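In: following is a predicted model, sequence given first.
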Amino acid sequence: MTSNTTNTNNNPSSTQENVTLSSAPTSPSMPPKNEAEPPDDVAVRGPPPLPYNLREHKLMIFLFWMLILTECTLIPIIFYFCIANLTEMRPGAMFAIITAMFGFISGGEYGLRGLRLAMKKDTYRPLFGAGRWSFDTVHLVLGQPYFVMTALMIGFSIPDPPIMRGLSIIMPVGILMVTIYMMWTGIAHHFGWHLRHHRLSSHVVGQVYPPLTFCIMEDITACDGGGGKEYREAALKRYNASPRFRRMLVEMLWGWAITGSVLSIVLIILAWILPVEIAYALGWAVPSVWGAIGAWVTIKWGQRSIRIENENWDKDQKVGA
């Protein structure tokens with residue numbers, strides 16, 4: 001599919017298959033005023049670089065996701081089966097403990113990134129005039145699932161005894177809410193629809209919807225990873241310059257969205273069919289397995305796509321010239 005939007009790197013769209021790999025970039029975006037166009041000899045050597053090396057942050061990434069795994073899988077499962085089988089604590093008190101611990105780690109990170117985005121200095125905020133209290137896409141996209149998941153945890157824990165089958169669908173419901181919005185941005189990007197009522201991180205009102213995967217990559221690396229505005233500028237430049245990079249992000253979006261939606265729906269159905277304890281264990285364990293497999297596939301997929309992008313950059317530029 002081609003789009004009638006303009007590429008900020010002045011590469012006119014081509015109808016040839018190996019260049020028109022996804023819809024055109026969302027520009028007419030306004031590049032940062034302090035950003036200079038690279039010389040032609042730099043442009044032909046490869047796509048605009050992303051100034052962030054994940055290998056330098058491996059330990060912190062590992063520790064963070066281990067904490068998330070503990071919160072979203074280990075605590076609900078281990079606490080339930082240990083307390084239920086080794087003590088005489090009433091179920092209501094047991095799930096009150098689990099509910100209190102749920103969201104402690106992710107909620108803390110959510111609050112920390114909110115403080116970074118609200119700082120007087122706009123180091124971590126999206127480009128092009130994002131306000132202190134407008135936050136970024138990741139913050140807003142995760143806010144509603146957090147609220148709904150917490151409400152479900154509390155609501156299903158209050159009855160005596162707690163509604164175990166309802167407590168089995170907490171993670172699937174959260175994943176489904178995110179993947180539905182993922183699919184919306186994928187459809188909007190495919191048809192070239194423009195943002196009308198709100199921005200998506202550094203893409204402002206009036207520009208074409210970006211795939212949500214780009215916003216997630218931009219926001220997490222810039223805010224949580226400390227890349228700041230330098231990374232946001234580089235990521236947007238790469239996105240606008242490289243059709244292959246855009247296609248990779250769109251393909252990843254549909255990979256995550258479809259598998260996550262199907263998995264969530266299946267787990268929600270099974271929660272009301274399978275034996276209670278089996279449904280509970282699956283509801284809390286399977287999403288983490290899916291996330292781990294998806295992360296591994298995404299890394300390998302990204303490495304392969306970026307290698308192909310670099311190898312074909314000169315050829316793509318000549319064909320598109």
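Out: Right, received. Where do you want to start?

In: what about this structure, any weak spots by pLDDT?
Out: Within the chain, the ranges that satisfy pLDDT under 70 run 1-44, 320-321.

In: what is the neighbour count of the closest residue to Gly107 other than its chain neighbours?
Out: Residue nearest to Gly107 in three dimensions, not counting chain neighbours: Tyr146, with 7.2 Å by C-beta to C-beta, 6 or more residues apart in numbering. Every residue, glycine included, has its C-beta placed from N, CA and C. By the criterion of other C-beta atoms under 10 Å, Tyr146 has 15 neighbours.

In: which residues of the stretch 51-200 of the chain fall in helices?
Out: For the stretch 51-200 of the chain, the helices defined by DSSP state H, counting those that start in this stretch cover 58-69, 75-86, 91-101, 104-118, 137-157, 164-167, 170-190.

In: now the angle from the third one to helix 170-190?
Out: Using axes from the mean of the first three to the mean of the last three C-alpha atoms, to 10 degrees, one finds that helix 91-101 and helix 170-190 are set 40 degrees apart in direction.

In: just put the helices of the stretch 51-200 of the chain in TSV and tack on distance to Arg232.
Out: Listed next are the helices of the stretch 51-200 of the chain as TSV, based on distance: least, C-beta to C-beta, whole Å:
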stretch	distance to Arg232
helix 58-69	19
helix 75-86	34
helix 91-101	34
helix 104-118	12
helix 137-157	12
helix 164-167	39
helix 170-190	18
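
In: list just the one of those helices that sits closest to Ser201.
Out: helix 137-157 (4.5 Å; C-beta to C-beta).

In: what are the buried residues along that closest one?
Out: Buried positions in helix 137-157, judged by neighbour count with 16 or more other C-beta atoms under 10 Å: 137-142, 145, 149-150, 152-153, 156-157.

In: from these, which is closest to Gly228?
Out: Closest approach between the buried residues of helix 137-157 and Gly228, by C-beta to C-beta: Val138, at 14.9 Å.

In: isn't that closest one up against Phe214?
Out: No: in this structure Val138 lies outside contact range of Phe214 using C-beta atoms under 8 Å: 11.4 Å.

In: for Ala295, find the nearest of the helices of the stretch 51-200 of the chain.
Out: Closest among the helices of the stretch 51-200 of the chain, using C-beta to C-beta: helix 58-69, at 8.0 Å.

In: list the helices and strands the closest one packs on?
Out: Helix 58-69 is packed against helix 104-118, with contacts defined by 3 or more C-beta pairs under 8 Å, 6 or more residues apart in numbering; DSSP states H and E.

In: buried residues, the helix it packs on. List them.
Out: 105-106, 113, 116-117.

In: again, but for stretch 202-214
Out: 202-204, 207-214.

In: which two of the residues you listed have the greatest separation?
Out: Farthest pair in the buried residues of stretch 202-214, by C-beta to C-beta: Val204 and Thr213, 18.6 Å.

In: thought Trp193 was touching Gly206?
Out: No: counting by C-beta under 8 Å, Gly206 is not a contact partner of Trp193; they are 11.4 Å apart.

In: picking up where we left off before, so for Val276, which of the helices of the stretch 51-200 of the chain sits nearest?
Out: helix 164-167 (4.7 Å).

In: tell me how far the closest one lies from the chain's centre.
Out: 27 Å (C-alpha atoms, centre = their mean, to the nearest Å).

In: same check, this time on stretch 204-224
Out: Chain-centre distance of stretch 204-224: 9 Å, with C-alpha atoms, centre = their mean.

In: then that stretch to CSV, C-alphas only?
Out: Extracted C-alpha coordinates of stretch 204-224, given in CSV (Å, rounded to 0.1, in the frame of the first residue of the first chain):
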residue,chain,number,x,y,z
VAL,A,204,1.0,14.9,16.7
VAL,A,205,-2.5,15.6,15.7
GLY,A,206,-2.8,15.8,11.9
GLN,A,207,-0.2,13.1,11.2
VAL,A,208,-0.9,9.5,10.1
TYR,A,209,-1.3,7.0,12.9
PRO,A,210,2.0,5.2,13.6
PRO,A,211,1.9,1.5,14.5
LEU,A,212,1.7,1.2,18.3
THR,A,213,4.9,-0.8,18.2
PHE,A,214,6.8,2.3,17.2
CYS,A,215,5.4,4.3,20.1
ILE,A,216,6.2,1.5,22.6
MET,A,217,9.8,1.3,21.3
GLU,A,218,10.2,5.1,21.4
ASP,A,219,8.6,5.6,24.8
ILE,A,220,10.2,2.7,26.7
THR,A,221,13.7,3.4,25.4
ALA,A,222,13.5,7.2,25.8
CYS,A,223,11.8,7.3,29.2
ASP,A,224,12.3,4.0,31.0
